[in-house]
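> Could you work out the structure for the sequence below:
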Amino acid sequence: MFRRFLLALLAVLVALPISPAVAFESAPPSWSWPRFSGPFHAEGASIVDHQGQVVRLTGVNWFGLENADRALQYAWEQPIGDLVRTIAEGGFNTIRLPLSADIVDNKPLTHQGLLARNPELRGKGELDLVRAVLDYAAVRGVGVILDLHRREGGRPGSYGSDGFGDPDPRGENARRWLAAWARLAEAFGDHPAVIGADLYNEPSFNQRQEITWEVWRPLAELGGNALLAKVPHWLIFVEGTAVARDPATGQEVWFWDGGNLIQAAAAPVRLSDPSKLVYSAHEYGPNVYDTPDSYVRDPRGWAAKTFGADPQRAAQMAADFPRNLVAVRTTFYAYLAIQGLAPVYVGEFGSQRGNPLSIEVERDQLRCFQQHGLSFTRWALGQSQDVSDLAAGGARQLDPAFVNLAKPALFAGHLGPSTGRYAIRPGDTLWALAGQLLGNPARWPELFEANQARIADPNRIYPGQNVDLP
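Okay, here's the model as predicted:
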């Protein structure tokens, strides 16, 4: 009788609500990772998986980790795992994750809202936050592109706009850039969710001069080859510049920061493994930079000014908006894919609600992506000044307007299985696992219901059992 009482008491104690902090250990979770279709490589204009199947990266930017407080957008309102699930359930298979180079210092996390909603990160460092995003992405079959967006967290402007200070690849700033990538490769090189590295966000200007393609290309080769020596399975994403030299005329022409790849065919980036190269472009509409002489407001004037030395090309881009967009986009970056030279990934684009011109640009972009098989990540999950937030309802869903607009251009399917699996360890309880894996211990019934085929009693789970996430 007394023995039965003790057993009953033990069962009750195991099931009692405990503080979530008790559930988290310093050792990483014992994940049994799903098999992703990566590593990926380039074949002509396509990105293909290890079985030779063509894939397209179609996703979103999720910013905040490039800021000093590492305030990953909406992670103070919902657990990170729930936010990743929202992205995956929206039909997107990729997250571009902007970072600042100083995140490798791995300072302790201090954002109280983020820690309140993600208590497993208490006492952890900034790289643990990156790993949490990667872990949940892998569980949901979503790939992640790591993007060095800024030199220092919270500094205004992009990583490129902050500049090296000196474009000499032997200089101190270049060494710091390479050191940051080396540390990220060391920390996450074997993580199955990482697709690759976006080397340098919007390389545009430094303290002395505009970064032209002639300046940027050898730096991209230096950084890309250094990374491939450490993580040969990663894709290397190389953005365009703002200014480059038109091979047809020798004249310098301007486009969006990060979007000008007009020189890439004539002067291509040379990597030690050419199959790991993906060119990346950025392009926004008039919501970001609206001037009277733009190719949206005045296509004829813009074309004459930009390509005056090439009347035939200028005439192609002088059509009335939006019919001119195809020629503009083809000239600056899409031609690389159209001609089968290399894959093209549009890392940033986006419109603003209530701005018909910018919405028309985005609609035309998505048609282009679909037609020519371009990969893309839209900016952004988070509140931005001039691009509409992708989140709706406190990020409990993605903006239906954008999801419906993008749906025809999405790649059909994730990059891996859409559910993950956890191997139970000694001391685990469903209550604790729900806090760790789902962000809320009170959600333990969801774990039980999803695993009733292998768990008969929620109070009795055993080391070595596998638990599937709902």
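
> Run a quick neighbour tally on residue 454.
Counted with other Cβ atoms under 10 Å, residues neighbouring residue 454 total 11. C-beta here means a position set from N, CA and C on the backbone, and glycine is covered the same way.

> is it true that it touches residue 464?
No. Contact criterion Cβ atoms under 8 Å: residue 454 and residue 464 do not qualify, at 11.0 Å.

> Can you classify the most centrally placed residue in the chain by secondary structure?
The centroid of the chain falls nearest to residue 96 when counting by Cα atoms, centre = their mean (0.6 Å). Under the three-state scheme (DSSP: H, G, I helix; E, B strand; the rest coil), residue 96 adopts strand.

> which residues does it contact?
59-62, 144-145, 147, 198, 347, 377 (Cβ atoms under 8 Å, 6 or more residues apart in numbering).

> Tell me the bridge partners for it.
residue 61, residue 145 (DSSP bridges).

> For the nearest residue to residue 282 once chain neighbours are set aside, grab the count of nearby residues.
Once flanking residues are discounted, residue 282 sits nearest to residue 258: 3.7 Å by Cβ to Cβ, 6 or more residues apart in numbering. For residue 258, the neighbour count with other Cβ under 10 Å is 26.

> didn't residue 408 look like it was pressed against residue 370?
Yes. With contact defined as Cβ under 8 Å, residue 408 reaches residue 370; the gap is 5.7 Å.

> which of these two has more neighbours?
Neighbours per residue (other Cβ under 10 Å) separate residue 408 from residue 370, with residue 370 holding more: 16 against 10.

> gap between that one and residue 327?
Distance from residue 370 to residue 327, counting by Cβ to Cβ, to the nearest Å: 18 Å.

> go on, residue 397?
Residue 397 is 37 Å from residue 327, by Cβ to Cβ.

> who's more crowded, those two?
Using other Cβ under 10 Å, the more surrounded residue of residue 397 and residue 327 is residue 327, with 19 against 14.

> A helix includes the more buried one, no?
Yes. Assessed with three-state DSSP, residue 327 lies in a helix.

> my read: it touches residue 319, true?
Yes. Taking contacts as Cβ under 8 Å, residue 327 lies within contact range of residue 319: 7.1 Å.

> hmm, back to that, what separation do you get for the residue nearest to the centre of the chain and residue 130?
13 Å.

> go on, residue 147?
Per Cβ to Cβ, residue 147 is found 12 Å from residue 130.

> Check residue 367 too.
From residue 367 to residue 130 the distance is 34 Å (Cβ to Cβ).

> neighbour-wise, which of those two wins?
Neighbour totals were compared for residue 367 and residue 130, and residue 130 leads with 25 against 14 (other Cβ under 10 Å).

> tell me the contacts of the more buried one?
Counting by Cβ under 8 Å, 6+ apart, residue 130 makes contact with 65, 97, 99, 103, 146, 187-188.

> That one: which element?
Assigned by DSSP states H and E, residue 130 belongs to helix 126-139.

> May I see the buried residues of that helix?
For helix 126-139, burial by neighbour count (16 or more other Cβ atoms under 10 Å) applies to 126-139.

> How about stretch 110-122?
Within stretch 110-122, the residues that qualify as buried by neighbour count (16+ other Cβ under 10 Å) are 111, 114-115, 117-121.

> what does stretch 363-380 give?
Residues of stretch 363-380 classed as buried by neighbour count (16+ other Cβ under 10 Å): 363-366, 368-370, 372-380.

> gap between it and the chain center?
15 Å (Cα atoms, centre = their mean, to the nearest Å).

> can you pull the pLDDT of residue 34?
If you check residue 34, the pLDDT there is 42.

> Residue 348 too?
So residue 348 comes in at 97 (pLDDT).

> Tell me how many other residues surround it.
By other Cβ under 10 Å, neighbour count at residue 348 equals 29.

> so who does the residue lying closest to it once chain neighbours are set aside touch?
Distance criterion Cβ to Cβ, 6+ apart; nearest residue to residue 348, sequence neighbours excluded, is residue 282 at 4.2 Å. Residues near residue 282 by Cβ under 8 Å, 6+ apart: 202, 239-240, 256-259, 346-349.

> Provide the backbone phi and psi angles at residue 282.
phi -120, psi 140 (degrees, to the nearest 10).

> all numbers from here: first residue = 34
Okay, residue one is now 34; in that scheme the one you just asked about reads as residue 315.

> mind checking how far it is from residue 163?
Taking Cβ to Cβ, one finds residue 315 at 22 Å from residue 163.

> Same question for residue 179.
With distances taken as Cβ to Cβ, residue 179 is found 8 Å from residue 163.

> Ok, residue 216 next?
11 Å.

> In the stretch 234-383 of the chain, where is pLDDT below threshold?
238-242 (pLDDT under 70).

> Let's see that with 80 instead.
Regions of the stretch 234-383 of the chain meeting the criterion pLDDT under 80 cover residues 237-243.

> now the strands for it?
Counting by DSSP state E, counting those that start in this stretch, the segments of the stretch 234-383 of the chain that form strands are 268-272, 276-278, 285-287, 310-315, 377-381.

> Quick check: next helix or strand after the last one?
Read it as strand 377-381. Trace forward from strand 377-381 with DSSP H and E and the next one is helix 389-405.

> Point out the other elements, helices or strands, that that following helix touches.
helix 358-362, strand 377-381, strand 408-414, helix 433-439 (3 or more Cβ pairs under 8 Å, 6 or more residues apart in numbering; DSSP states H and E).

> Now tabulate those in a markdown table and tack on distance to residue 266.
Output for the helices and strands packed on helix 389-405, formatted as a markdown table (distance: least, Cβ to Cβ, whole Å):
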| stretch | distance to residue 266 |
| --- | --- |
| helix 358-362 | 31 |
| strand 377-381 | 17 |
| strand 408-414 | 18 |
| helix 433-439 | 28 |
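
> any low-confidence regions in the stretch 84-233 of the chain?
For the stretch 84-233 of the chain, the ranges with pLDDT under 80 are 187-206.

> quick one, strands of it?
For the stretch 84-233 of the chain, the strands defined by DSSP E, counting those that start in this stretch cover 87-88, 91-95, 127-133, 176-183, 227-231.

> any idea where the helices of the stretch 234-383 of the chain begin and end?
Applying DSSP state H, counting those that start in this stretch to the stretch 234-383 of the chain gives helices spanning 246-263, 332-339, 344-349, 358-362, 368-371.

> Which one of those lies nearest to residue 88?
helix 368-371 (14.3 Å; Cβ to Cβ).

> picking that back up, okay, and the common contacts of residue 180 and residue 163?
Counting by Cβ under 8 Å, 6+ apart, the residues touching both residue 180 and residue 163 are 130, 132.

> quick one on the thing from earlier: going by distance to residue 83, which of the contacts of residue 315 wins?
Checking these one by one against residue 83 (Cβ to Cβ), the nearest turns out to be residue 380, at 23.4 Å.

> Domain ranges for the protein, per the record?
In terms of domains, the chain is parsed into 74-442, 462-503 (source: automatic domain parsing).

> Right, I'll call it a day here.
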